[in-house]
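1. Output the structure for:
(4 chains)
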Protein chains: 2
Amino acid sequence: MKKTKDNQVELIDVFVGLAQATRCCRQDTAFCGGVTFHQFVILDAVAKNKELKISDLHSLLAVEKSTTTRLLNPLLAKGLLNKAKSISDSRAFVLKLTKNGRETHHRVQTCLEDFFSKVAGNLPAGQQEIILQAVQTFISAIKNASGTFNCCS
Amino acid sequence: MKKTKDNQVELIDVFVGLAQATRCCRQDTAFCGGVTFHQFVILDAVAKNKELKISDLHSLLAVEKSTTTRLLNPLLAKGLLNKAKSISDSRAFVLKLTKNGRETHHRVQTCLEDFFSKVAGNLPAGQQEIILQAVQTFISAIKNASGTFNCCS
DNA sequence: AAAATATAGTTGCATAATACAACTATTATG
DNA sequence: CATAATAGTTGTATTATGCAACTATATTTT
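-> As a prediction, the model looks like this:
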């Protein structure tokens, strides 16, 4: 029982800490170069995948499909992305970076490098990999727990 | 250069993973027992601290003070918390749990124990502590990086 | 002590994110 | 072919959020 209690106490602190730390990725705040975190995630996904469909973004962003539509809108309006009907499935749309979008993506990526270098530099030397792997393991644990439990639904 | 690039690639994935995993703590979604994550954090902070002032919550929640006011409102309206002028500083208010608030806090805590047990159970046996410490280290690294860099402001 | 400054908290305002439900169009399955 | 499933959009309502302006009180400076 003590053990469980301890786990809980630590875990709530970890969750609070995560909420505090990830505030820098908050949606409405410009992350880098006038682009929000979600917007960069979208640009980056499109940059890394040819033929990325809108439906691929739902799980990446972990939002409802209507939210994906609305997160996409400003990027389309700013002319950073193009939407074209998929040839293999005419319900779907394929996303591409425009020239402007490629430039923006590159610019923001450079900006992020600075931030990520700082984060990495704040980790104990020689332990970066171990720590990042531990964080990934923790992320998986949360996802699996949410899956079966749907996070206290 | 390669190293930096690798760090960035991994870090963006970690940040995306965090955004996905912490979606279960999203503000507007009931976390446990009809209470959102932030609401639980508030209840928990009040439960653990006598004489907790509203201003103590700003940093805990990592939000602007006006947002604290507004996150508090539903809890006050539901009669889970009491607000009383501090005797030591009559600008400030001290928060207390009501009877109802104590019951709710206890109920939600029990609900969270289930979730946290599942999370802990998904971590490799014998490595829970190490992993949680690594996550805490990572959180600190982000916070420090945001501090000097204010997250790409 | 008076004046200037800082802090605690609230409210007006505007905006972003978000989900759910209902809808259209298309594809897949019985 | 009929039914069900999927891709995506839009209407609607709610929550979260920050900034700026404001009141009231406390602290610091002169």
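
2. tell me the pLDDT at A:Asp114?
-> According to the prediction, A:Asp114 has pLDDT 87.

3. List the buried residues in stretch A:127-142.
-> Neighbour counts using 16 or more other Cβ atoms under 10 Å in any protein chain shown place A:Gln128, A:Ile131, A:Leu132, A:Ala134, A:Val135, A:Gln136, A:Thr137, A:Phe138, A:Ile139, A:Ala141, A:Ile142 of stretch A:127-142 among the buried residues. Any C-beta I mention is one placed from the backbone N, CA and C, and that applies to glycine too.

4. For A:His106, grab the count of nearby residues.
-> 14 (other Cβ atoms under 10 Å in any protein chain shown).

5. again with A:His58
-> By other Cβ under 10 Å, 16 other residues sit near A:His58.

6. helix or strand for it, which one?
-> Assigned by DSSP states H and E, A:His58 belongs to helix A:54-61.

7. Give me the subset of the buried residues of stretch A:127-142 lying in helices.
-> A:Gln128, A:Ile131, A:Leu132, A:Ala134, A:Val135, A:Gln136, A:Thr137, A:Phe138, A:Ile139, A:Ala141, A:Ile142 (DSSP state H).

8. from the middle of its chain, how far away would stretch A:135-143 be?
-> Taking Cα atoms, centre = their mean, to the nearest Å, one finds the center of stretch A:135-143 at 14 Å from the center of the full chain.

9. got the contact list for it?
-> Here stretch A:135-143 makes contact (Cβ atoms under 8 Å, 6 or more residues apart in numbering or on different chains) with A:14, B:13-14, B:17-18, B:20-22, B:24, B:119-120, B:122-124, B:131-132, B:134-135, B:138.

10. Could you list which of those belong to helices?
-> Using DSSP H, the contacts of stretch A:135-143 in helices are A:14, B:13-14, B:17-18, B:20-21, B:119-120, B:131-132, B:134-135, B:138.

11. Just send the buried residues of stretch A:127-142 back as JSON lines, with pLDDT and distance to B:Thr68 too.
-> Shown next, in JSON lines, are those (pLDDT from 0 to 100; distance: Cβ to Cβ, whole Å):
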{"residue": "A:Gln128", "pLDDT": "93", "distance to B:Thr68": "35"}
{"residue": "A:Ile131", "pLDDT": "96", "distance to B:Thr68": "31"}
{"residue": "A:Leu132", "pLDDT": "95", "distance to B:Thr68": "32"}
{"residue": "A:Ala134", "pLDDT": "96", "distance to B:Thr68": "32"}
{"residue": "A:Val135", "pLDDT": "96", "distance to B:Thr68": "28"}
{"residue": "A:Gln136", "pLDDT": "95", "distance to B:Thr68": "32"}
{"residue": "A:Thr137", "pLDDT": "96", "distance to B:Thr68": "33"}
{"residue": "A:Phe138", "pLDDT": "96", "distance to B:Thr68": "28"}
{"residue": "A:Ile139", "pLDDT": "95", "distance to B:Thr68": "28"}
{"residue": "A:Ala141", "pLDDT": "94", "distance to B:Thr68": "30"}
{"residue": "A:Ile142", "pLDDT": "92", "distance to B:Thr68": "26"}
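
12. Distance to DNA strand D for those - can I get that in JSON lines?
-> Shown next, in JSON lines, are the buried residues of stretch A:127-142 (distance: Cβ to the nearest atom of the strand, whole Å):
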{"residue": "A:Gln128", "distance to DNA strand D": "29"}
{"residue": "A:Ile131", "distance to DNA strand D": "26"}
{"residue": "A:Leu132", "distance to DNA strand D": "25"}
{"residue": "A:Ala134", "distance to DNA strand D": "26"}
{"residue": "A:Val135", "distance to DNA strand D": "21"}
{"residue": "A:Gln136", "distance to DNA strand D": "24"}
{"residue": "A:Thr137", "distance to DNA strand D": "26"}
{"residue": "A:Phe138", "distance to DNA strand D": "21"}
{"residue": "A:Ile139", "distance to DNA strand D": "20"}
{"residue": "A:Ala141", "distance to DNA strand D": "24"}
{"residue": "A:Ile142", "distance to DNA strand D": "19"}
